[in-house]
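Student: Below is the sequence, then the predicted model.
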Amino acid sequence: MDSLLGKTLLKLLVPLAAGIAVILISRKRRALWRGELGWQAPRLLPFLGWMVIWAVWIALSERLFTAMGMDRPTQWPSCPLSIVVLRIAAIGLAGPFCEEIVTRGLLFGRLRDTRLGPWTSIVLISLAWTALHYRYGLVTLLAVFCDGLLFGVARYRTASIWTPVAMHSMGNLFSIWQSLSG
């Protein structure tokens with residue numbers, strides 16, 4: 001197996017394995033069905049409302065953070081279509097799914113009912129999630145933190161993990177589109 005394919009498969013399979021592990025463990029502990037992960041589908045109108053809020057946020061933040069010198073998505077190197085498709089699946093779908101299941105699913109589901117409450121939990125999880133993106137510049141980290149706050153509030157308000165998963169995927173797919181369109 002060539003190196004590029006191996007790295008790309010790793011980017012796809014690690015998040016999928018982690019997300020599936022969280023789901024299986026949560027299911028065994030019945031947390032999945034008690035709402036701790038927020039596994040239930042959101043109501044349609046609130047979900048659509050959050051998608052509109054997210055699209056507006058992406059448009060506004062693109063303008064604002066570009067003016068502030070935010071890191072721009074780098075153009076992807078030329079590679080076979082199969083690698084591009086796998087990278088899109090990894091970065092646009094599997095990565096957001098896993099990150100949201102762990103952060104806004106498992107962590108939020110556990111912390112919101114403690115003395116921290118939902119709002120402090122949202123802020124702390126957003127800070128931790130931002131720290132995981134340490135390789136980016138300061139302005140980009142600010143954007144990641146704001147994204148995390150929006151994902152957390154959307155998770156809390158819709159009581160569903162699927163809202164932040166969809167938002168996160170939409171943001172990553174937009175970034176991929178920027179990288180592919182140069």
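Tutor: That came through fine. Just so we're clear, the structure is a prediction, and the values are computed from it rather than from any experiment. Numbering: from 1, shown residues only.
Student: Tell me which helix or strand in the protein has the weakest average pLDDT.
Tutor: helix 31-34 (a mean of 59; mean pLDDT, DSSP states H and E).
Student: what about the helices in the chain?
Tutor: Assigned by DSSP state H, the helices in the chain fall at 3-28, 31-34, 44-67, 81-88, 95-100, 108-111, 117-131, 138-158, 162-181.
Student: Out of the ones you listed, which is the most enclosed?
Tutor: helix 95-100 (a mean of 23; mean count of other C-beta atoms under 10 Å). Yep, even glycine has a C-beta here, placed from its N, CA and C like the rest.
Student: of the helices of the chain, which approaches residue 75 most closely?
Tutor: With C-beta to C-beta as the criterion, residue 75 lies closest to helix 162-181 of the helices of the chain, at 5.7 Å.
Student: what mean pLDDT does that closest one have?
Tutor: Across helix 162-181, pLDDT averages out at 93.
Student: packing partners for it?
Tutor: helix 44-67, helix 81-88, helix 95-100, helix 138-158 (3 or more C-beta pairs under 8 Å, 6 or more residues apart in numbering; DSSP states H and E).
Student: make it 6 Å
Tutor: Contact here means 3 or more C-beta pairs under 6 Å, 6 or more residues apart in numbering; DSSP states H and E; on that basis helix 162-181 packs against helix 44-67, helix 95-100, helix 138-158.
Student: circling back: out of the helices of the chain, which is closest to residue 74?
Tutor: helix 162-181 (6.4 Å).
Student: Could you check how far the closest one is from the centre of its chain?
Tutor: Offset of helix 162-181 from its chain centre (C-alpha atoms, centre = their mean, to the nearest Å): 9 Å.
Student: Could you do stretch 45-63 as well?
Tutor: Remark: stretch 45-63 is offset 14 Å from the chain centroid, using C-alpha atoms, centre = their mean.
Student: Show which residues not belonging to it make contact with it.
Tutor: Residues outside stretch 45-63 that contact it (C-beta atoms under 6 Å, 6 or more residues apart in numbering): 143, 154, 158, 163, 167.
Student: Specify which member of those is nearest to residue 24.
Tutor: Closest to residue 24, out of all of the contacts of stretch 45-63 and judged by C-beta to C-beta, is residue 163, at 22.4 Å.
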